[in-house]
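J.: quick one, structure for this:
(one chain, ligands or ions: 1)
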Amino acid sequence: MENILIIGAAGQIGSELTLTLRRIYGEDHVFATDIRQAPQDIVEGGPFQILDVMDDKRLIHFVIRHKITQIYHLAAVLSGNAERIPVQAWDINMSSLMNILDLGKEVDEIKKIFWPSSIAVFGQTTPHENTPQLTVMEPNTVYGISKLAGERWCEYYNRRYKMDIRSIRYPGLISYKTEAGGGTTDYAVEIYYDAVKKNSYECFLKEDTMLPMLFMEDAMKATVDLMHADPSKLSVKSSYSIGAISFTPEEVAREIRKHKPDFQITYKPDFRQAIAESWPRTIDASVAKNDWGFEPTYNLEKMTEIMLREIEKKKK
Ligand code: SER
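T.: Numbering: from 1, shown residues only. Take a look at the predicted model:
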């Protein structure tokens, strides 16, 4: 019997992953936690508790009391926000991961840990097209540095303590349930909300800035597939690159206009432009595909249709 702890259940990934895992493992076996209140369906659909991942004493108490066997640690300060509070963001992103890794080392009942990395681990000197799994990595954002350091620690704990820690380098994630906060790729979520609300959007990236993206449903499937994969097939002990679609703001706008012909977009690039330009444009996901069958199904067209439809529904 698995008992799963989700840290960051109120966030963009957590609010969807909690529901996905409750469907798989049963609602009473997925313990959602966050430092802030979560959406209603998370709170009412199973156990939810306010918990600070930095509070290691309460954390260990929680894990033992609920006989936790798997942890999904999703809490982090994203790229744009981290640049505003560099030292604090480094502390939150790193200390929380180290707390979880140590917990996994100390508590024998914990069998598996999931921790998300990001395309932010790459930097200016990385090849930007079809970026390989293994390549030059010189991130120059606080978020990227913390994710790269985190990947190294995951591999270290995997090898040295024979733990089972699994990770994905998520590209920009597009979803309609919970808005992301403070990421560089998040224009691609905001644009749909503003298209529905005011039929216009002011973009903080330039029109031709291409970034790798993934629709949330594909991200959920990838996460579950990786966590269910045969461990002997997993050749990567740090984090797997995945990426489904790459597009520019201009291309999203064009797609939105197929549904809303009067949609207007203007461009006012800010500090996030430099972050975006240091990241890959397209990703080679072949290692994830070979090792555990990563296979995304949503393209820009299908995703745009769903995003506009679902955000429209939320407005009513
Ligand atoms: N979506 C994230 C960000 O932009 C990338 O992992 O910060």
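J.: flag every residue of this structure that's near the ligand.
T.: Counting by C-beta under 6 Å from any ligand atom, the residues of the chain lying close to the ligand are 78, 79, 118, 119, 120, 143, 170, 172, 183, 184, 185. The C-beta positions use only the backbone N, C-alpha and C, and glycine is treated the same way.
J.: okay if I get those residues as JSON lines plus pLDDT and neighbour count?
T.: Shown next, in JSON lines, are the residues of the chain next to the ligand (pLDDT from 0 to 100; neighbours: other C-beta atoms under 10 Å):
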{"residue": "78", "pLDDT": "92", "neighbour count": "22"}
{"residue": "79", "pLDDT": "93", "neighbour count": "27"}
{"residue": "118", "pLDDT": "97", "neighbour count": "30"}
{"residue": "119", "pLDDT": "97", "neighbour count": "26"}
{"residue": "120", "pLDDT": "97", "neighbour count": "29"}
{"residue": "143", "pLDDT": "97", "neighbour count": "27"}
{"residue": "170", "pLDDT": "97", "neighbour count": "25"}
{"residue": "172", "pLDDT": "96", "neighbour count": "24"}
{"residue": "183", "pLDDT": "91", "neighbour count": "24"}
{"residue": "184", "pLDDT": "95", "neighbour count": "29"}
{"residue": "185", "pLDDT": "96", "neighbour count": "27"}
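J.: closest to residue 155 among those residues?
T.: Ranked by distance to residue 155 (C-beta to C-beta), those are led by residue 118 at 15.9 Å.
J.: what kind of secondary structure is the closest residue to the ligand within the stretch 151-300 of the chain in?
T.: Closest to the ligand within the stretch 151-300 of the chain is residue 183: 2.8 Å, counting by C-beta to the nearest ligand atom. Applying DSSP: H, G, I helix; E, B strand; the rest coil to residue 183 yields a three-state assignment of coil.
J.: isn't it up against residue 172?
T.: Yes: judged on C-beta atoms under 8 Å, residue 183 makes contact with residue 172 at a distance of 7.1 Å.
J.: quick one: low-confidence ranges for this protein?
T.: In the predicted model of the chain, no residue satisfies pLDDT under 70.
J.: buried ones in the longest helix anywhere in it?
T.: Across the chain, the longest stretch assigned as helix under DSSP state H is helix 86-106. The neighbour-count criterion (16 or more other C-beta atoms under 10 Å) identifies 89, 90, 92, 93, 94, 96, 97, 99, 100, 101, 103, 104 as the buried residues of helix 86-106.
J.: in a markdown table: those, plus distance to residue 275.
T.: As requested, the buried residues of helix 86-106 are exported to a markdown table (distance: C-beta to C-beta, whole Å):
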| residue | distance to residue 275 |
| --- | --- |
| 89 | 13 |
| 90 | 16 |
| 92 | 18 |
| 93 | 16 |
| 94 | 19 |
| 96 | 22 |
| 97 | 21 |
| 99 | 27 |
| 100 | 26 |
| 101 | 27 |
| 103 | 31 |
| 104 | 31 |
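J.: burial count for residue 290?
T.: For residue 290, the tally of surrounding residues (other C-beta atoms under 10 Å) stands at 11.
J.: in which helix or strand would I find it?
T.: Assigned by DSSP states H and E, residue 290 belongs to helix 286-292.
J.: buried ones in that helix?
T.: Of the residues in helix 286-292, 287, 288, 291, 292 count as buried by neighbour count, 16+ other C-beta under 10 Å.
J.: nearest residue to the last one other than its sequence neighbours?
T.: For residue 292, the nearest residue in space outside its immediate sequence neighbours is residue 229; the separation is 3.8 Å by C-beta to C-beta, 6 or more residues apart in numbering.
J.: who are the contact partners of that neighbour?
T.: 166, 291, 292, 293 (C-beta atoms under 8 Å, 6 or more residues apart in numbering).
J.: separation between it and residue 260?
T.: With distances defined as C-beta to C-beta, to the nearest Å, the gap from residue 229 to residue 260 amounts to 40 Å.
J.: residue 92 now?
T.: Here the distance between residue 92 and residue 260 works out to 38 Å (C-beta to C-beta).
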